[in-house]
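Chemist: Predicted model follows, preceded by the sequence.
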Amino acid sequence: MSENGTLLQLKQVAQQYGSGERRFTAVENINLTLAEGEFVALLGPSGCGKSTLLRIITGLQEATGGEVLYKERPLRGVNPQSTIVFQTFALFPWLTVLENVAVALKAKGIPLDLRTTRAIDALDRVGLDGFENAYPRELSGGMRQKVGFARAMVTEPELLCLDEPFSALDVLSAEALRGELLELWTGGQIPTKAILMVSHNIEEAVFMADRIVVMDKNPGRIVADLTIPLPHPRQRKSAEFQGVVDQVYATLAGQTQPEHLELGTAPGEPGRTRRLPQVAITDLAALLEYLDDLTGNRADIYRLAEELGLGSDPLLNLVETAELLGFATIAKGDITLTSLGETFAEASILARKEIFATRIRRLPIIKWLLSMLRAANRQQLAWDVVQTALELEFPPQEAERQMDTMVNWGRYAEILAYDDDNATLYLESNSTTDVQPL
């Protein structure tokens with residue numbers, strides 16, 4: 001350990017994929033310090049590079065830029081002092097619980113008798129004493145993930161990395177496992193010196209972590225580093241806890257910017273191509289209707305998550321879409337319906353389609369697609385042609401998501417059509433001319 005207690009440092013870390021015109025940046029300019037005794041959560045929307053950073057930190061992936069220091073020394077290859085727990089259980093089905101834990105020690109060359117003793121101790125610490133000879137198929141999801149934790153901790157890592165370890169569990173199992181991990185950590189029952197957890201669950205991060213590092217995407221970057229000034233155990237219903245959650249929601253949601261900044265640029269143009277959030281129009285309409293019924297057409301975004309029963313990721317995607325289309329504005333963690341949003345919420349089905357069509361025509365990525373179709377033979381383009389063009393801006397998986405969103409939104413607005421039999425996009429007849437934007 002360094003004299004100042006610093007365990008990990010990331011300096012100007014960047015990760016790029018591809019080459020030439022298809023080169024894109026997953027994360028950039030990441031500066032992060034993790035000290036002994038800290039539990040830090042990486043929080044941000046899907047696609048912001050949280051899991052990429054974990055792989056870089058543990059040495060499973062080498063960054064294309066910047067420097068990773070562990071105990072003030074450059075990290076080369078896999079870090080033997082760290083381990084990672086993934087969201088999937090990743091157990092060997094043909095091995096018993098005990099064997100699944102002991103296999104981590106076998107890889108380190110630990111003698112058989114010592115492997116068994118340490119594996120039994122690790123299982124006991126996570127509450128699985130008595131299940132040593134069971135097979136994974138005999139366990140619940142929560143118990144299987146406990147085996148994953150035991151396997152990670154049996155090697156006594158200095159740095160324990162968690163990649164959304166509770167997301168595959170049901171609500172009750174996840175809550176129980178969070179509490180048990182915190183009990184081990186705060187009680188000093190594990191030798192781990194620091195924990196770094198990736199999460200997209202805001203309440204989970206506030207409940208567990210000492211610091212929350214907030215990331216944004218396109219490209220992935222750190223936008224805030226928040227200290228959580230609450231002692232453990234934390235009470236979710238306390239005003240202090242809810243105040244911190246509200247602060248994190250406000251940080252993630254940001255606030256409405258001038259239109260030229262909000263909309264970004266079209267593919268192939270200088271500047272940032274704005275990704276379209278992947279949301280269903282029915283869900284967006286439901287959000288706008290809900291806001292329309294509230295006094296002042298305004299709501300606290302954090303309260304909306306609870307009132308609508310939505311996770312932070314889907315809710316923030318809906319909020320972003322409402323803002324992008326000019327149906328709402330965001331400021332200080334609140335969302336307020338605009339007059340246009342109110343009109344949409346109260347309009348008929350056909351009127352909603354017309355309003356939506358007019359609004360999405362403003363979006364540079366939609367303008368780009370319509371322009372390509374107008375210039376194409378018979379105003380038709382193969383799906384693969386458009387996706388290949390988008391892959392100059394986005395990684396393949398994101399390019400496909402953008403295609404799905406553009407087609408779904410375009411179909412709803414009746415400005416695009418898609419023939420699934422031959423995977424072809426084409427213009428609807430009413431899309432050959434421009435419409436004056438609202």
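Modeler: Received the coordinates, thanks.
Chemist: Where do the strands of the stretch 201-350 of the chain begin and end?
Modeler: Here the stretch 201-350 of the chain has its strands, by DSSP state E, counting those that start in this stretch, at 211-216, 221-227, 298-300, 328-331, 334-337.
Chemist: which helices and strands does the fourth one pack with?
Modeler: The one in question is strand 328-331. For strand 328-331, the packing partners by 3 or more CB pairs under 8 Å, 6 or more residues apart in numbering; DSSP states H and E come out as helix 312-324, strand 334-337. All C-beta spots, glycine's among them, are computed from the backbone N, C-alpha and C.
Chemist: Any buried residues in the longest one, and which?
Modeler: Translated: helix 312-324. S312, P314, L315, L316, N317, L318, V319, E320, T321, A322, E323, L324 (16 or more other CB atoms under 10 Å).
Chemist: what's the burial count for the closest residue in space to Q255 that isn't next to it in sequence?
Modeler: Distances taken as CB to CB, 6 or more residues apart in numbering place A331 nearest to Q255, at 4.7 Å, with adjacent residues excluded. The local packing of A331 (other CB atoms under 10 Å) involves 13 other residues.
Chemist: Shouldn't A41 be within a helix?
Modeler: No - per DSSP: H, G, I helix; E, B strand; the rest coil, A41 lies outside any helix segment and is strand.
Chemist: these two touch, right, it and A205?
Modeler: Yes - the criterion here is CB atoms under 8 Å, and A41 meets it with A205 at 3.8 Å.
Chemist: burial count for the closest residue to S199 other than its chain neighbours?
Modeler: Leaving aside its sequence neighbours, S199 sits nearest to A205 (CB to CB, 6+ apart; 4.9 Å). For A205, the neighbour count with other CB under 10 Å is 27.
Chemist: swap in G130?
Modeler: Neighbours of G130 (other CB under 10 Å): 10.
Chemist: picking up where we left off before, how about the residue nearest to Q255: which residues does it bridge to?
Modeler: D334 (DSSP bridges).
Chemist: Please look at it and G254 and confirm they touch.
Modeler: No - between A331 and G254 there is no contact under CB under 8 Å: 9.2 Å.
Chemist: that older thread, ok, which of the helices and strands packed on strand 328-331 comes nearest T358?
Modeler: For T358, the closest of the helices and strands packed on strand 328-331 is helix 312-324, at 13.8 Å, according to CB to CB.
Chemist: Which strands or helices does that closest one pack on?
Modeler: Using 3+ CB pairs under 8 Å, 6+ apart, helix 312-324 sits against helix 239-253, helix 259-263, helix 281-292, helix 301-308, strand 328-331, strand 334-337.
Chemist: Could you tell me the least trusted of the ones you listed?
Modeler: When those are compared on mean pLDDT, helix 259-263 scores lowest, with a mean of 72.
Chemist: which residues touch it?
Modeler: T256, R274, E323, L324, R362, L363, P364 (CB atoms under 8 Å, 6 or more residues apart in numbering).
Chemist: Of those, grab the buried ones for ChimeraX.
Modeler: Provided next is the ChimeraX selection string for whichever of the contacts of helix 259-263 are buried by 16+ other CB under 10 Å:
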select :256,274,323,324,363,364
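Chemist: could the contacts of helix 259-263 be laid out in CSV, adding pLDDT?
Modeler: Converted to CSV, the contacts of helix 259-263 look like this (pLDDT from 0 to 100):
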residue, pLDDT
T256, 75
R274, 84
E323, 93
L324, 92
R362, 91
L363, 93
P364, 92
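Chemist: what's the domain layout of the chain?
Modeler: With automatic domain parsing as the criterion, the domains of the chain are listed as 6-251, 281-431.
Chemist: quick one: which of the ones you listed is nearest T265?
Modeler: Using CB to CB, the domains of the chain put domain 281-431 closest to T265, at 5.4 Å.
Chemist: I'd say H200 and L42 touch.
Modeler: No - taking CB under 8 Å as the definition, H200 is not a contact partner of L42, at 9.6 Å.
Chemist: picking that back up, packed most tightly, which of the helices and strands packed on helix 312-324 would that be?
Modeler: Burial of the helices and strands packed on helix 312-324 is given as mean neighbour count (mean count of other CB atoms under 10 Å); strand 334-337 ranks first at a mean of 22.
Chemist: Need the residues that contact it.
Modeler: 253, 288, 291-292, 296-301, 304, 319, 322-323, 327-330, 345.
Chemist: State the pLDDT value of the residue lying closest to S173 once chain neighbours are set aside.
Modeler: Nearest non-adjacent residue to S173, counting by CB to CB, 6+ apart: G142, 3.1 Å away. At G142, the model reports a pLDDT of 83.
Chemist: separation between the residue nearest to Q255 and L363?
Modeler: A331 sits 22 Å away from L363, going by CB to CB, to the nearest Å.
Chemist: next one: T58
Modeler: 38 Å.
Chemist: now for the helix or strand that contains E175, which elements pack on it?
Modeler: Per DSSP states H and E: E175 is located in helix 171-186. With contacts taken as 3+ CB pairs under 8 Å, 6+ apart, helix 171-186 sits against helix 141-153, helix 202-208.
Chemist: what is the orientation angle of it with helix 141-153?
Modeler: Angle, helix 171-186 to helix 141-153, by axes from the mean of the first three to the mean of the last three CA atoms, to 10 degrees: 30 degrees.
Chemist: quick one: buried residues of helix 171-186?
Modeler: Buried residues in helix 171-186 (16+ other CB under 10 Å): S173, A174, A176, L177, R178, E180, L181, L182, L184, W185.
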